[in-house]
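In: quick one, fold the following:
(chains A and B)
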Amino acid sequence: ETGVTQTPRHLVMGMTNKKSLKCEQHLGHNAMYWYKQSAKKPLELMFVYSLEERVENNSVPSRFSPECPNSSHLFLHLHTLQPEDSALYLCASSQVWTGFTEAFFGQGTRLTVV
Amino acid sequence: AQTVTQSQPEMSVQEAETVTLSCTYDTSESDYYLFWYKQPPSRQMILVIRQEAYKQQNATENRFSVNFQKAAKSFSLKISDSQLGDAAMYFCACTSGTYKYIFGTGTRLKVLA
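Out: Numbering: from 1, shown residues only, chains lettered A, B, ... in the order given. Here you go, the predicted structure:
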């Protein structure tokens, strides 16, 4: 499998549930990202991991907890979410500090909080 | 701080015609990269074209080309011979080459048969 793969594609969860989103990249990149995409808003950068260390955390509520066990995998652990957290969550990867700087994206997880 | 602005929430183009999507950006970096991404209904963001700021020549990829005006901080995307498969959301993005990608709000392109 190539590129960036996200699972699940769709997720419906109650506000008291705990779930996790998974992202896997097969591109040999050294940075991975979580973005939140809501209607009529710019993509919001949530977390960045570079060389498996978190380098960016854009004031994201603690109910979102990222984990990067290695350079190929990224998780987003979710607990006690709110309805306003319903959105498309996109994972991306890139190779930082080389000439090829575009980010490659997965197909996203459509999250609905009920 | 970097900002990216797409002032056209929605555009329509007749099949086989040409359309231009607008993007302006602001950055204090001297070296940066600009991108256009396409997001079809399948939701996966796909890179359409990229431009290195230090290059004066406008990037071209088949039917897609950009008009990069560095002084004006403008980066528009021209789609020639529009096809039904071009219908999607288009996002303009900017990065200074590290891990910070700043995206615009997107332009929804409709292609009319």
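In: chain A contacts on chain B?
Out: Proximity of chain B to chain A is confined to B:4, B:9, B:33, B:35, B:37, B:42-47, B:50, B:91, B:93, B:95, B:97-106 under the rule CB under 8 Å from any CB of the partner chain. Where C-beta positions appear, they are placed from N, C-alpha and C, glycine not excepted.
In: hang on, isn't B:Gly106 packed against B:Ser7?
Out: No - applying CB atoms under 8 Å as the test, B:Gly106 and B:Ser7 come out as separate, 11.3 Å apart.
In: more neighbours, the two?
Out: Of the pair B:Gly106 and B:Ser7, B:Gly106 is the one with more neighbours under other CB atoms under 10 Å in any protein chain shown, namely 24 against 11.
In: residue contacts, that one?
Out: B:Gly106 is in contact with A:42, B:6, B:9, B:39, B:89-91, counting by CB atoms under 8 Å, 6 or more residues apart in numbering or on different chains.
In: phi and psi next, for it.
Out: For B:Gly106, the backbone dihedrals are phi 90, psi 150 (criterion: degrees, to the nearest 10).
In: can I assume A:Val37 is in contact with A:Leu45?
Out: Rather than Val, residue A:37 is Gln. No - with the criterion set as CB under 8 Å, A:Gln37 and A:Leu45 do not qualify as a contacting pair; they are 10.8 Å apart.
In: all the strands of chain A, in order from the start?
Out: A:4-7, A:10-13, A:18-25, A:31-37, A:44-50, A:53-57, A:64-70, A:73-79, A:87-94, A:104-105, A:109-113 (DSSP state E).
In: next to chain B, which bits of chain A? Give me the list.
Out: Counting by CB under 8 Å from any CB, the positions of chain A adjacent to chain B are A:31, A:33, A:40-43, A:45, A:48, A:50, A:55-56, A:88, A:90, A:92, A:94, A:96-97, A:101-108, A:110.
In: and the residues you listed, which are buried?
Out: Buried residues within those, counting neighbours by 16 or more other CB atoms under 10 Å in any protein chain shown: A:31, A:33, A:42-43, A:45, A:48, A:50, A:56, A:88, A:90, A:92, A:94, A:96, A:101-108, A:110.
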